[in-house]
Structure formats: structure tokens, C-alpha cells
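Student: What follows is a predicted protein model with its sequence.
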Number of protein chains: 2
Amino acid sequence: MSHTYDYPRAALTVDCVVFGLDEDDLKVLLIQRGQEPFVGRWALPGGFVHIDETIDQAARRELHEETGLSRVYLEQLYTVGDLGRDPRERVVTVAYYALVRLGDHRVQAATDARNAAWFAVDDPPRLAFDHDAILALALARLQGKVRYQPLGFELLPPKFSLTRLQRMYEIILERSLDKRNFRKKVLSLGILEELDEVEQDVAHRAARLYRFDERTYRQLVKDGFNFEL
Amino acid sequence: MSHTYDYPRAALTVDCVVFGLDEDDLKVLLIQRGQEPFVGRWALPGGFVHIDETIDQAARRELHEETGLSRVYLEQLYTVGDLGRDPRERVVTVAYYALVRLGDHRVQAATDARNAAWFAVDDPPRLAFDHDAILALALARLQGKVRYQPLGFELLPPKFSLTRLQRMYEIILERSLDKRNFRKKVLSLGILEELDEVEQDVAHRAARLYRFDERTYRQLVKDGFNFEL
DNA sequence: TTGACATAGTGTCACCAGTACACTATATGT
DNA sequence: ACATATAGTGTACTGGTGACACTATGTCAA
């Protein structure tokens, strides 16, 4: 079946920049293309928006189909529609970025046998289309966002040490932070709950574990706040 | 001539939220619809993205066609594509917001005899489609943006008094500011150039006029900065 | 010309948040 | 028990923020 319109129409797609936090790296999830154009190149997971789904739904669906990920934090980033960004035809894409806890999600081989893999954000392979630019944009947004929203909830496991949280900020912001000042500030926010638990299996003094107080956390996210570090 | 595709495609449009600064109000530019759906209702200026223009170009073109405005500050806001937001068919719209100096631009009657007019943002008429939501989003973005970027350049005439600038912030942020603290802070940024001129035709002591130092201003915008008030 | 008016323009002090900085505590492993 | 590796803790300085009230200068009308 085919569909006919009076004027030519651009194809509408979504692309997702999925960030994950490693022990000491910020990673991005890429898939290897199985078809032209750019066969074999790595690219952001994404695909066409169906006529009967919202753009958000399309992003979640594509992400799930291509990487097996679901229930991730997902936010719209930017819409790019430059001429010639896809050699085949006019394609406008709505870019999203997502945050996932790396431990949680085993990335599955994509449905159609394309590879999916994590790459360090500061050393990605050459990407298909204008996906380098989209990745750069997403990274900038993430670095901006971290200043006025506590992102830990989305990127860290449920229980974590303060050192782990600090490392998260250091990795995202790409600079080191003072331990005492960091702790003072983050504890003063009142979104951390101190647990009666410590790290296991470490070859040194074990760190106390914390978790986010979801109520306070959501409230803080809603109100916006200042988290300069 | 008609165009045929294997799968149905959404129509792609742009909509612009144009803000202007009045003596004592933040205004938004609306046009009155001349056709179904929503004939007679007010709506954001906008229209279809052509196949051979970028989305940004489309936004500028539509803005010019429908309101006569050109050379305005324009920034992409968000893309909305909920099902049923247009009763006719699936329409995805990329929303933009623009800032203009009200004095500069006489708003022309739109090309096709639709009315164009400014409305106070806090008391707009009922809008067509989901344009209320888009307007609310744009307003929130503007209020957020004012905290880390000095917006005066886009909204004020070339020469202005400090009181005028302060009123701009008060109008956008919807709260009053302390005169002395405001002056201290804004002057400390070093983006204002003191002129040897004062207001004319006022029935009281005339205020000294300033203008933005464009170099420093652009630099500051680029670096980002903190302008909590 | 003078007085009423309307807005311009100016400084200080208290408080809090951000920053720089170094040592002790506690667990493991040999 | 000792080496090692990381956890955990407090203080002093400084700069920015916020609260606050009076004088200066022009217009206009009586």
C-alpha cells in the first residue's frame, strides 16, 4: 500500500544518544549499521516515527528494538533537518538523550543482527550521518544539566558510596572536585539517605552506602536548584 | 503533481513564539486564523516546512510571511508530535521562540489578510491546536534562560536606561528587584557602556543612557554565566 | 520663582556559600 | 603487626547576595 500527498514530505526519524556510566568513563551506546548508506559504520540507535505513535513513543520503541533497553530516562534534545544530512532523501530527525545505569542493562544484540556496543564518549568511532554533531550536542546538554539537576538517580545503582557519586560528577564535568567540599554540599541538599551498609569485597576500608530519597529528589528536580561545583 | 511513499508520513510544520517587550508587559505575537480548523482563533505564526529548506529557514520564512518580521533572534524550542493535535491529520511541529524589540518592528497585516497582533503573555486569548502549551513552554524557557544569559540585547532598543533594563528583568521574572543591588550586579558584568546621553522628554530627572558592549556581551553569552537575581 | 512631584542615583553592613587545604580512621592482605 | 589503600572529617578566608533609606535633579504648575 502506498500513500500520496500534494507536496513532498520529509521522512521523520528519531535518534537516541544513550549515556551510561562506567567505573571510570562516560559511555555512549552505538549500533553498527547493517545497510546502506554507511554500512558498517557506527551510528546512534534510531529509526522512523510511525504514523500512529508519538515521537517519544517512537524513541522508546526504537531504543528497545535496537538495543533491548527499556524504562530508561529519556528526554528530547534537538531536532535536526539540514538538507543532505541523509544521502537518500530529506530526513528530519528528533534527537533524544537517555541515561541508564550500566550495570542494570545487558545490551542485547539488536533484532536484526546489528551489533550494539558501548564506547567512551571522548573517543567515539566515526559515526554515520551527522551523528557526531548530535553526540556533541547531547554531551554539552548533559554537562549543562548536571549543574541544575542532580542526575545520580538515573545513572547510578540504587546503593552507592559518596566517592562513587563524586566520581560521576568528575567524569561528566571532566574535572576533579574536592572531596570535603563535595560531601558538604551534596549532603546539605538532603536528598541522600544514609544506609546501615558498607561496600563489600574491597581491599581497604569499606565506604558507607547511600541511596537517594526519591521524594526529596523529585521535588528538587521539579523546583530546579543550583548545583555548581 | 503528487508524491507517493511506501508508508504514511506526518506533515512537518514550524511554529514561532515571538516575544516582544512593551513598556510594562511581555507580549506575544499571534495571528488570527483565516481557515479551518479553528477559523477565527488566534494561533502562533507558523506553517509547513518545505522540502528544500532547513527547519530554521522555514521558521524565518513563515515568520516573515505572516508577520513581516525579519532578522530576529530565533532559537529552536521543542518538537511536539502528539496524535490528534491537528484534527485533520498527523502533524509534527518544531516550535521556535523569537525575541524582538517592539519599537523596531511594525507588525504588518499578514500576507493573506489574517490579522496579526500582540497580546500580553499572562492574558492570551484561547489558542488554536495545542498552542497554549507551546506558549507556556516558551515562557518557561525564557524565564530559565534569563538566569544564565543576558537577554537585553535582543529585547531592548540600542540605548536604554538602567531602570528600563531592570524593568525588563522584573517583567520576565515576574517579581520586583532591588534597585541598588540590580545596578551593582549588572554594572559589575562589564557589558554596559555608559553614554553621554540622557533620556529626552520626560517629566522628571532624566536617566543616563547605556548601550551594550557587543564584544563583551557576545563573549559572556558564549562562556555562559550566572545571573541570579 | 518657588514648591510639589517624580524618578535618578548612591553605600554599608550582615550573612552565607564557595573554596582551599591535610590529617586521622579503618579495613584488607601479607 | 605492618604496609597499603581508601574513607572520613573541620576550619578559616573570601567574595557575593540581600536588606535597607536618603539625596539629587529635572519638569511642571501655581
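Tutor: Arrived safely, thanks for sending.
Student: now A:V72: how far from DNA strand D?
Tutor: If you measure A:V72 against DNA strand D using CB to the nearest atom of the strand, to the nearest Å, the figure is 27 Å. Quick note: C-beta positions are derived from backbone N, CA and C, even for glycine.
Student: and A:V28, backbone torsions?
Tutor: Backbone geometry at A:V28, expressed as degrees, to the nearest 10, gives phi -130, psi 140.
Student: Could you pull out the buried residues of stretch A:178-185?
Tutor: Residues A:182-183 are the ones in stretch A:178-185 that count as buried (16 or more other CB atoms under 10 Å in any protein chain shown).
Student: That stretch and DNA strand C, are they touching?
Tutor: Yes - using CB under 7 Å from any atom of the strand, stretch A:178-185 reaches DNA strand C at A:178-181, A:184-185.
Student: Tell me if the least confident helix or strand in chain A by mean pLDDT is near DNA strand C.
Tutor: Among the helical and strand segments of chain A, the one scoring lowest on mean pLDDT, DSSP states H and E is helix A:214-223, with a mean of 80. No - Helix A:214-223 does not reach DNA strand C (CB under 7 Å from any atom of the strand); its nearest approach is 14.0 Å.
Student: Would you mark the buried spots in that helix?
Tutor: Buried residues in helix A:214-223, defined by neighbour count with 16+ other CB under 10 Å: A:217, A:220.
Student: can you list the residues of chain A near DNA strand C?
Tutor: Of all the residues in chain A, those in contact range of DNA strand C (CB under 7 Å from any atom of the strand) are A:178-181, A:184-185, A:202-206, A:226, A:228-229.
Student: For those, work out which two are farthest apart.
Tutor: Based on CB to CB, the longest span within those runs between A:A203 and A:N226 and measures 37.7 Å.
Student: So if I had to pick from those two, which one is more boxed in?
Tutor: Neighbours were counted for A:A203 and for A:N226 using other CB atoms under 10 Å in any protein chain shown; A:N226 has more, 9 against 5.
Student: could you list every residue that touches the more buried one?
Tutor: A:N226 is in contact with A:147-148, B:228, counting by CB atoms under 8 Å, 6 or more residues apart in numbering or on different chains.
Student: distance of A:V100 from B:T13?
Tutor: Here A:V100 is placed at a distance of 33 Å from B:T13 (CB to CB, to the nearest Å).
Student: Could you do A:F227 as well?
Tutor: 37 Å.
Student: give me the element the residue in chain A positioned nearest to DNA strand C is part of.
Tutor: Nearest residue of chain A to DNA strand C, counting by CB to the nearest atom of the strand: A:R205, 2.9 Å away. Element membership for A:R205, per DSSP states H and E: none, as it lies in no helix or strand.
Student: Let's see the pLDDT reported for it.
Tutor: Predicted confidence (pLDDT) at A:R205: the value is 93.
Student: In a markdown table: the contacts of A:N226, plus distance to A:A43, secondary structure and pLDDT.
Tutor: Written out in a markdown table, the entries for the contacts of A:N226 read as follows (distance: CB to CB, whole Å; DSSP: H, G, I helix; E, B strand; the rest coil; pLDDT from 0 to 100):
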| residue | distance to A:A43 | secondary structure | pLDDT |
| --- | --- | --- | --- |
| A:R147 | 29 | coil | 82 |
| A:Y148 | 31 | coil | 79 |
| B:E228 | 40 | coil | 76 |
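Student: quick one: which of those residues is nearest B:R215?
Tutor: Closest approach to B:R215 among the contacts of A:N226 (CB to CB): B:E228, at 24.1 Å.
Student: Give the burial count for the closest one, as a bare number.
Tutor: B:E228 has 7 nearby residues by other CB under 10 Å.
Student: coming back round to it: in terms of neighbours, single out the busier of A:V100 and B:T13.
Tutor: Ranked by neighbour count (other CB under 10 Å), A:V100 and B:T13 place A:V100 first, with 24 against 20.
Student: Near chain B, which residues of chain A? Just list them.
Tutor: Proximity of chain A to chain B is assessed by CB under 8 Å from any CB of the partner chain, with A:2-12, A:48-55, A:76, A:78-83, A:90, A:92, A:94, A:144, A:224, A:226, A:228 identified as the residues in range.
Student: Out of those residues, which end up buried?
Tutor: Burial by neighbour count, judged by 16+ other CB under 10 Å, picks out A:8-12, A:49-50, A:54-55, A:76, A:78-82, A:90, A:92, A:94 from these.
Student: Quick one: residues contacting the residue lying closest to A:L30 once chain neighbours are set aside.
Tutor: With CB to CB, 6 or more residues apart in numbering or on different chains as the criterion, A:L30 has its nearest non-adjacent residue at 4.2 Å, and that residue is A:W42. Under the criterion of CB under 8 Å, 6+ apart, the contact partners of A:W42 comprise A:30-33, A:119, A:124-128.
Student: now that we have these, which one has the most neighbours?
Tutor: Compared across those, A:L30 has the highest neighbour count, 25 neighbours, by other CB under 10 Å.
Student: That one reaches A:L44, doesn't it?
Tutor: Yes - the pair A:L30 / A:L44 is scored as a contact, 6.7 Å apart, by CB atoms under 8 Å.
Student: want to throw the contacts of A:W42 into CSV with distance to B:F38?
Tutor: Putting these into CSV (distance: CB to CB, whole Å) gives the following:
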residue, distance to B:F38
A:L30, 43
A:I31, 42
A:Q32, 46
A:R33, 43
A:F119, 47
A:P124, 46
A:P125, 48
A:R126, 47
A:L127, 42
A:A128, 41
